[in-house]
Structure formats: structure tokens, C-alpha cells
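[1] Sequence first, then the predicted structure, then my questions.
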Amino acid sequence: MSSLRVLLTAEQIQARIQELAAQIDRDYPAGPIYLVGILKGACIFLADLARSMNTPARLEFVGISSYGRGRTSSGEVKLTKDLDVSVEGHHVIVVEDIVDSGITLSYLIQLFQQRRPKSLRVATLLDKPDRRQRTVQVDYVGFHIPDEFVVGYGLDFAEDYRNLRDVCVLSE
């Protein structure tokens with residue numbers, strides 16, 4: 001039997017997203033910028049972030065697989081859905097739900113750098129630095145969290161829990 005413990009409330013999350021949006025607005029006052037969400041987990045964070053920004057933003061998505069149905073990354077990353085547009089010469093912010101091992105993000109950064117954007121930055125709602133296996137730079141961090149398995153606000157376990165408004169620790 002699994003149990004949930006609230007780690008971050010919906011109110012804490014929304015307040016921090018407002019701060020991140022203001023920071024992005026300061027960094028990119030003119031726009032437009034591409035916000036590239038990583039499916040499926042980042043879709044809720046991306047939507048709330050985009051709506052909180054004043055900078056004109058274009059939304060794009062990529063699909064990445066590295067977890068399967070387990071709690072840890074398989075270490076093997078594959079692109080399951082590519083961008084629908086060229087980002088060459090544009091400002092790009094990769095939007096992640098969580099950065100832990102850094103394996104997926106490292107892969108994505110290399111992929112996007114080959115596409116010659118004007119700038120490339122990373123925003124994540126959650127950062128789990130204790131799990132890092134690859135060094136990656138995250139420019140906009142919502143929250144640093146401990147090494148616990150979290151769900152909610154887009155994050156799932158075997159496709160469940162994404163719709164929770166809070167970020168919760170899932171324990172056995």
C-alpha cells in the first residue's frame with residue numbers, strides 16, 4: 001500500500017512559478033522565446049510558467065523516454081517526439097519537471113545545441129542534486145528537493161498521480 005506526503009503545496013508551487021516567470025521576463029524582455037516542454041511530466045509546469053510570463057513565448061514539446069515504468073532512470077535515453085519547428089537563431093528554454101540524474105537533460109542539451117539556437121537555457125520545477133550522474137547547468141530552479149520519489153503536478157508513477165495539485169512524496 002502506497003502513501004502520499006505533501007512536500008510542496010499548490011500555493012508554494014504557484015508562488016515560485018511567479019518568481020521564475022519574473023526572472024525570465026527580466027532575462028528576455030523582448031521575446032519571443034521558445035519554451036520546450038518535456039512530455040509528459042513538464043506540461044503542467046510549462047503551462048503555468050507561460051501564463052505567468054509577460055515575454056512572448058512559443059510553446060513546443062519533445063518526448064523523451066528514459067524511465068519506463070520504474071522509479072529510476074534506465075540510463076538509456078531515446079527521443080519519442082521531436083520538435084515541430086526549427087529553433088535555429090531563437091532563444092530556447094528547455095522546461096523540465098524534475099532534474100535528478102541529469103542523463104536526460106544532458107542528452108537534450110546536446111541535441112538542441114546542434115540545432116544552433118540563439119541561446120539555450122534550462123528551467124525545472126524540481127532539482128534533486130544528490131542524484132546527479134551528469135553535470136548539467138540548470139538556469140531556473142523552482143525547488144531543490146531531497147532524494148525522495150515524488151509525484152503530482154505532472155510527475156507520475158506508472159502514469160498515475162500527474163493530476164495532483166501538490167508535489168507529494170510517494171512511499172511504499
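    Structure received. Numbers count the residues shown, from 1 in each chain.
[2] Would you mind checking which helix or strand in this structure has the lowest mean pLDDT?
    strand 78-81 (a mean of 88; mean pLDDT, DSSP states H and E).
[3] So what are the sheet partners of that one and their directions?
    In the sheet, strand 78-81 lines up against strand 57-65 (antiparallel) (DSSP bridges).
[4] Quick check: buried residues in the strand it pairs with?
    A57, R58, E60, F61, V62, I64 (16 or more other CB atoms under 10 Å). Bear in mind the C-beta positions are built from the backbone N, C-alpha and C, glycine included.
[5] now do stretch 155-169
    L155, D156, F157, Y161, R162, L164, D166, V167, C168, V169.
[6] Need the residues that contact that stretch.
    4-10, 13, 40-41, 44, 69, 71, 97-98, 125-126, 143, 145, 148-154, 170 (CB atoms under 8 Å, 6 or more residues apart in numbering).
[7] Just put the buried residues of stretch 155-169 in TSV and tack on secondary structure, pLDDT and distance to V36.
    Listed next are those as TSV, based on DSSP: H, G, I helix; E, B strand; the rest coil; pLDDT from 0 to 100; distance: CB to CB, whole Å:
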residue	secondary structure	pLDDT	distance to V36
L155	strand	95	18
D156	coil	93	20
F157	strand	92	24
Y161	coil	96	24
R162	coil	95	19
L164	coil	97	24
D166	coil	98	25
V167	strand	98	22
C168	strand	97	26
V169	strand	97	28
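[8] low-scoring pLDDT stretches of the protein, where are they?
    Low-confidence segments of the chain (pLDDT under 70): 1, 66-75.
[9] from the middle of its chain, how far away would the lengthiest helix in it be?
    Secondary structure of the chain per DSSP state H: the longest helix is helix 10-27. Taking the mean of its C-alpha atoms, helix 10-27 sits 14 Å from the chain's own mean (CA atoms, centre = their mean, to the nearest Å).
[10] now for that helix, which elements pack on it?
    On a contact count with 3 or more CB pairs under 8 Å, 6 or more residues apart in numbering; DSSP states H and E, helix 10-27 meets helix 43-52, strand 119-127, strand 140-144.
[11] Can you say which of the ones you listed is nearest to A30?
    strand 119-127 (12.4 Å; CB to CB).
[12] So for the closest one, what gets flagged as buried?
    Those would be L120, R121, V122, A123, T124, L125, L126, D127, for strand 119-127 by 16+ other CB under 10 Å.
[13] V150 versus K78, what's the distance?
    From K78 over to V150 the distance is 24 Å, taken as CB to CB, to the nearest Å.
[14] same thing with Q113?
    29 Å.
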